[in-house]
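Chemist: sequence and predicted structure are below.
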Amino acid sequence: MMLRIRSRDGLERITIDNPNITVSQLKTIIQTQLSIPIHNQTLSTNQNLLLSKTHNDLNRFTDMSNPNTPITALNLTHGSIIFLSYEGERNVVGPTTAFTPAGSFGRKMTMDDLIAKQMRVSRQESPHCQSVSFDRDCANAFQLYVNETLAFAVKRGGFMYGTVKDDGEVEVDFIYEPPQQGFEENLVIFRDPEEEKAVEAIALGLGMRKVGFIFTQTVSQDKKDYTLSNREVIQAAEFHAESGLKEWVTAVVKLEVNEEMDGAADVHFEAFQMSDVCVKLFKEGWFETEIKEEDDPKLSKMKKDVVVGVKDTKEVDNDFFLVVVKILDHQGPLSSTFPVENRITQVTMKALKNHLDRTKSLPFVKRISDFHLLLVLARVFDVAADVPALTECVQTQSAIPEGYQILIESMAGAA
């Protein structure tokens, strides 16, 4: 025979072998099967028992107070419900878990509990990097290409490499442009693991590391009412999250047309960090990454509600995710005159010959002190042995071993 026991913990079941037991025997079974001591139990067939707040209230329910009363006298049959009030706490074992109830309706949530369950989006006041300084030559080589060749008609991007100083200042000394396809409002980066392995080896040998992502906005975007679009926020957050670098910088290059100055245009650099909460949201998968044509580009869509100010919303203004970084410039240790990888014109050994011919008057180490040239050499030389040897010479500006010099010149001569 099965009886159902309703208490503050919900509905539970007990099994009895003999329907002719007394109330006292029933309490013993409840103690055994539900772990509630007999002396703590008050039983009744009246559901109002569960509304009792004091001992005097409980004492009013006397229908099951006599321990010798047979339960058959109470018209209890298979499936009947008995109401149970008890003092104290216990562990209630469910199908897959255990919980400790407290209070009539289970565990109470404090305001702190509720706040902890919310994702709050607010502006971050200060970046983790004090400033970002661009090597003038590498910044100029990047902007010249997008301005004079691409005319800011399609987007272009690259990874910035350099150093992070102890005070949090980021210095960018070269930009690697991976294989990519640019569109008016979208930039697709095709990651090449082998090429990136060579890039990382060169950077390591030069005492540098990947420090940020740079991309251009197109002329058509200049007319849009946003700093970064939703697509750009997602892409920037992805690279920032991947880096694991708290000082990681996102730089934007745009052509700003001044209508008041007869349509004159200036190339403009801006730098940001994606806020901590933006990177956290990306890592935890909150962003809607499928962008629809009708979506407002200045808003990032979330899969679940976040709290902005006092409002629950699934749309966040992209500016909430941006922390402005001060821009400086410097003259770095590398030149940026060698043709850049993965552009419209393919870089060949003919470019190496032309470069070496043009720089004949310089010491050989100075002639190869260009990241883009070193990347061409890394396709021929051993990344694990030769590249570190060459980059160490470049970093210290010491003489290139004669064997390497002969090899490089012969490669150029064969073009």
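Modeler: It's in. Numbering: from 1, shown residues only.

Chemist: for stretch 24-43, buried residues please.
Modeler: Judged by neighbour count (16 or more other CB atoms under 10 Å), stretch 24-43 contains these buried residues: 25, 26, 27, 29, 30, 34, 36, 41, 42, 43. (C-beta placed from N, C-alpha, C; glycine too.)

Chemist: and of these, the nearest to residue 369?
Modeler: Top of the list for closeness to residue 369, among the buried residues of stretch 24-43 and by CB to CB, is residue 34 at 79.9 Å.

Chemist: quick check: closest non-adjacent residue to the closest one.
Modeler: residue 12 (6.1 Å; CB to CB, 6 or more residues apart in numbering).

Chemist: what about the helices in the stretch 51-200 of the chain?
Modeler: Secondary structure of the stretch 51-200 of the chain (DSSP state H, counting those that start in this stretch): helices at 55-59, 111-116, 136-144, 193-205.

Chemist: just name the most buried of the ones you listed.
Modeler: Most buried of the helices of the stretch 51-200 of the chain by mean neighbour count (mean count of other CB atoms under 10 Å) is helix 136-144; its value is a mean of 19.

Chemist: reduced to three states, what does the residue nearest to residue 34 come out as?
Modeler: Here residue 12 is strand, with the state taken from DSSP: H, G, I helix; E, B strand; the rest coil.

Chemist: residue 353 now?
Modeler: Following three-state DSSP, we place residue 353 in the helix state.

Chemist: what pLDDT does the model give it?
Modeler: Turning to residue 353, the model gives it a pLDDT of 95.

Chemist: quick one: contacts for the nearest residue to it once chain neighbours are set aside?
Modeler: Spatial nearest neighbour of residue 353, excluding adjacent residues (CB to CB, 6+ apart): residue 412 at 4.1 Å. For residue 412, the contacting residues are 349, 352, 353, 356, by CB atoms under 8 Å, 6 or more residues apart in numbering.

Chemist: so which helix or strand of the chain has the lowest pLDDT on average?
Modeler: Confidence across the helices and strands of the chain bottoms out at strand 98-99, with a mean of 38, counting by mean pLDDT, DSSP states H and E.

Chemist: about what we covered before: just the buried residues of stretch 24-43: which are in helices?
Modeler: Using DSSP state H, the members of the buried residues of stretch 24-43 that fall in helices are 25, 26, 27, 29, 30, 34.

Chemist: put together CSV for the residues you listed, with pLDDT and distance to residue 4 on each row.
Modeler: Shown next, in CSV, are these (pLDDT from 0 to 100; distance: CB to CB, whole Å):
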residue, pLDDT, distance to residue 4
25, 93, 18
26, 93, 13
27, 93, 16
29, 93, 13
30, 91, 12
34, 90, 12
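
Chemist: element containing residue 268, please.
Modeler: Using DSSP states H and E, residue 268 falls within strand 264-274.

Chemist: quick one: strands adjacent to that strand?
Modeler: According to DSSP bridges, strand 264-274 forms sheet pairs with strand 249-258 (antiparallel), strand 322-324 (antiparallel).

Chemist: among these, which is nearest residue 158?
Modeler: Counting by CB to CB, residue 158 lies closest to strand 249-258 out of the strands paired with strand 264-274; the figure is 9.4 Å.

Chemist: which residues does that closest one contact?
Modeler: In this structure, residues lying in contact with strand 249-258 by CB under 8 Å, 6+ apart are 129, 132, 134, 142-143, 146-147, 152, 160, 170, 172, 211-217, 219, 221-222, 227-228, 232, 236, 239-240, 263-274, 325.
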